[in-house]
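[1] okay, sequence plus prediction incoming.
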Amino acid sequence: MPEMILLETEEKMENAISALQREFSKVRTGRANPKLLESVQVEYYGALTPITQVGSIGVPEPTQLIVKPFDKTIVKAVEKAILAANIGVTPQNEGHQIRIVLPALTTDRRKQLVKEIHKLGEVFKVEIRNDRRDGNDAIKKLEKASEISEDDSKGYQEDIQELTVQYSKKVDELIKAKEDDILSI
């Protein structure tokens with residue numbers, strides 16, 4: 001039973017790392033990344049549809065994205081959705097596709113992005129610490145119910161603390177890598 005608690009705690013922490021990586025992929029660096037448009041929803045036949053389901057997104061150059069809708073009649077709707085998403089880019093309608101030229105990041109904008117990723121990293125560190133607390137609480141319940149000894153309880157709590165330290169270091173490594181990516185010109 002305590003082993004299951006350890007596994008569940010580790011799985012929750014791993015999920016937090018995966019979620020952080022997804023969030024970081026949305027943060028713009030100096031290069032074009034199709035994931036920048038993942039959150040864009042296009043009105044298509046009266047329903048909001050993810051942009052990836054109504055067209056393909058390509059990267060012809062390091063600072064450009066091309067959105068080619070499968071249905072040429074919705075080019076205007078795609079353009080409108082990109083503008084409405086407020087992601088800091090201006091789409092250019094070319095009739096059959098949308099071109100997005102990403103402006104170069106200024107030094108101030110790079111510093112602002114670094115602050116944002118540090119805040120985001122801290123949010124996920126708090127999530128990992130909450131997972132630690134939940135795991136420790138579950139272990140303490142087993143100890144109170146006399147299902148495990150006090151020594152075993154301490155040992156499992158130490159294991160959970162080791163997981164917490166390990167995953168907090170992973171968050172720090174992800175923050176550092178993304179920071180280096182943003183600050184490199």
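    In hand now; what should we look at? Residues are numbered from 1 along each chain as shown.
[2] am I right that Leu20 sits in a helix?
    Yes - counting by DSSP: H, G, I helix; E, B strand; the rest coil, Leu20 is part of a helix.
[3] OK, contacts around it?
    120-121, 124, 171, 174 (C-beta atoms under 8 Å, 6 or more residues apart in numbering). All C-beta atoms are positioned from the backbone trio N, CA, C, and that covers glycine.
[4] quick check: it vs Ser149, distance?
    Applying C-beta to C-beta, to the nearest Å, the value for Leu20 to Ser149 is 36 Å.
[5] go on, Thr107?
    Going from Thr107 to Ser149 by C-beta to C-beta gives 58 Å.
[6] give me the buried stretch members for stretch 27-41, please.
    In terms of neighbour count (16 or more other C-beta atoms under 10 Å), stretch 27-41 has its buried residues at 27-29, 32-34, 36-38, 40.
[7] closest one to Ile128 out of those residues, please.
    Set against Ile128, the nearest of the buried residues of stretch 27-41 by C-beta to C-beta is Val27 (19.6 Å).
[8] show me where this structure has its strands.
    Using DSSP state E, the strands of the chain run over 41-44, 47-50, 55-58, 64-69, 91-93, 98-101.
[9] out of those strands, flag the one nearest Leu163.
    strand 47-50 (34.1 Å).
[10] buried ones in that closest one, by neighbour count?
    For strand 47-50, the neighbour count (16+ other C-beta under 10 Å) marks Thr49 as buried.
[11] mind giving me the packing neighbours of that strand?
    In this structure, strand 47-50 packs against strand 41-44, with contacts taken as 3 or more C-beta pairs under 8 Å, 6 or more residues apart in numbering; DSSP states H and E.
[12] tell me how far the ends of stretch 23-31 are from each other?
    End-to-end distance for stretch 23-31, by C-alpha to C-alpha, to the nearest Å: 16 Å.
[13] what's the single longest helix in this structure?
    Across the chain, the longest stretch assigned as helix under DSSP state H is helix 107-144.
[14] domain ranges for this structure?
    If you go by automatic domain parsing, the domain ranges for the chain are 2-26+106-183, 34-101.
[15] in CSV: those, plus mean pLDDT.
    As requested, the domains of the chain are exported to CSV (pLDDT from 0 to 100):
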stretch, mean pLDDT
domain 2-26+106-183, 91
domain 34-101, 87
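[16] and the residue nearest the centre of the chain, how far from Arg109?
    Computing the C-alpha centroid of the chain and ranking residues by C-alpha atoms, centre = their mean puts Glu23 first, at 1.6 Å. Applying C-beta to C-beta, the value for Glu23 to Arg109 is 18 Å.
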